[in-house]
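Asks: next one to model:
(one chain, ligands or ions: 2)
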Amino acid sequence: MFIIDWFYSVLASLGLWQKEAKILFLGLDNAGKTTLLHMLKDERLVQHQPTQYPTSEELSIGKIKFKAFDLGGHQIARRVWKDYYAKISCNESFMAGVLFSRAIFTDMLYNKVDAFEQHFPDTTEFTWRSYYLLLMLPLSHFDLFSAVHVDAVVYLVDAYDKERFAESKKELDALLSDESLANVPFLILGNKIDIPYAASEDELRYHLGLTNFTTGKGNVNLADSNVRPLEVFMCSIVRKMGYGDGFKWMSQYI
Ligand SMILES: Nc1nc2c(ncn2[C@@H]2O[C@H](COP(=O)(O)OP(=O)(O)OP(=O)(O)O)[C@@H](O)[C@H]2O)c(=O)[nH]1
Ligand SMILES: [Mg+2]
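Replies: Ligands and ions are numbered 1, 2, ... in the order given. Here you go, the predicted structure:
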């Protein structure tokens, strides 16, 4: 890991490798993460299936090139969120392998791929987990390490689905209190305001417990403070409105 980091920093110093920002798109299922990602990517509105596998896209907004990770928001998918932002130190390459294969296993779990077990009924769980681990270890160096340093989180909330505000708050609170994400800017998008009776910005702030925690919409310099940039923007992805201001706000902190 150290060697890889060193290698990249040498390349970067020679201008041969550009560091791009890494942004996680998080939020409950059905919030609009995939819709937003594709709207940003090619300005097209596409109807998507619920996301099963974590995916990533290269995007650029203004001068910032970034890689966006769309991780899926349903219950089981949420378990791999942490694998994408947990900080791993240099001598923990082994753990990286473990985490990566854990992500794979979670994946297998929710796709009900139990074929492996059926073919090898005598193989204990431990053994086939170990095989996977060995197989995945070399890959994990690249995959995980491109994902560990998160530059920002875009957290989407369906502003129309008021019944799930509490659930959304719970997941958001867990992210905000996770020390691997300490000081990482959070852009909270209250989506679907094109639907009548969607929550207002104040309502959403209230239900997410953010009323006194946001840091201001304009150009607010937080560099010298120890305060995490956090702000709420209401948007409608289908109407292409609102999220642009949010990303503009966010870009000053990346
Ligand atoms: N009315 C309205 N519907 C939207 C908007 N954005 C997304 N949707 C709809 O919300 C539904 C869920 O959108 P997705 O982008 O698939 O949601 P997701 O967050 O990726 O969900 P998971 O993949 O399950 O985590 C889709 O039917 C979208 O068309 C919006 O701005 N307004
Ligand atoms: Mg999705």
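
Asks: just for the stretch 51-200 of the chain, where's the confidence low?
Replies: By pLDDT under 70, the low-scoring segments of the stretch 51-200 of the chain are 63, 87-148.

Asks: and it, which residues reach ligand 1?
Replies: Residues of the stretch 51-200 of the chain lying near ligand 1 by CB under 6 Å from any ligand atom: 51, 72-74, 191-192, 194-195. Bear in mind the C-beta positions are built from the backbone N, C-alpha and C, glycine included.

Asks: make it 8 Å
Replies: By CB under 8 Å from any ligand atom, the part of the stretch 51-200 of the chain that sits against ligand 1 consists of 51-52, 70-74, 77, 156, 158, 160, 191-195.

Asks: take these and keep only those in strands.
Replies: 70, 156, 158, 191 (DSSP state E).

Asks: how close does the third one sit to P50?
Replies: What that stands for is D158. 13 Å (CB to CB, to the nearest Å).

Asks: what touches both of the two?
Replies: Here D158 and P50 share the contacting residues N30, scored by CB atoms under 8 Å, 6 or more residues apart in numbering.

Asks: what about D202, how many neighbours?
Replies: By other CB atoms under 10 Å, the residues close to D202 number 10.

Asks: what's the answer for the one 5 residues further on, then?
Replies: The criterion is other CB under 10 Å. On that basis, H207 has 19 neighbouring residues.

Asks: please apply the same query to E43.
Replies: 8.

Asks: OK, contacts around it?
Replies: Residues near E43 by CB under 8 Å, 6+ apart: K240.

Asks: more neighbours: D158 and P50, which one.
Replies: Remark: of D158 and P50, D158 carries more neighbours, 24 against 11, as counted by other CB under 10 Å.

Asks: which strand residues bridge the more buried one?
Replies: Applying DSSP bridges to D158 gives these bridge partners: N191.

Asks: and it, how far from M234?
Replies: Distance from D158 to M234, by CB to CB: 12 Å.

Asks: just list whatever residues bridge to F186.
Replies: Per DSSP bridges, the residues bridged to F186 are V153, L230.

Asks: isn't it up against R228?
Replies: Yes: assessed by CB atoms under 8 Å, F186 is found in contact with R228 at 6.8 Å.

Asks: which residues do these two both contact?
Replies: Contacts common to F186 and R228, judged by CB under 8 Å, 6+ apart, are L176.

Asks: and these two? which has more neighbours close in?
Replies: Neighbours per residue, other CB under 10 Å: of F186 and R228, the larger number sits with F186, 25 against 16.

Asks: who's in contact with the more buried one?
Replies: Here F186 is in contact with 152-153, 155, 175-176, 228-231 (CB under 8 Å, 6+ apart).

Asks: turn the residues you listed into CSV, columns for distance to V220.
Replies: Output for those, formatted as CSV (distance: CB to CB, whole Å):
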residue, distance to V220
A152, 15
V153, 18
Y155, 19
L175, 21
L176, 18
R228, 12
P229, 8
L230, 11
E231, 9
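
Asks: before I go, just wanted to say thanks for your time.
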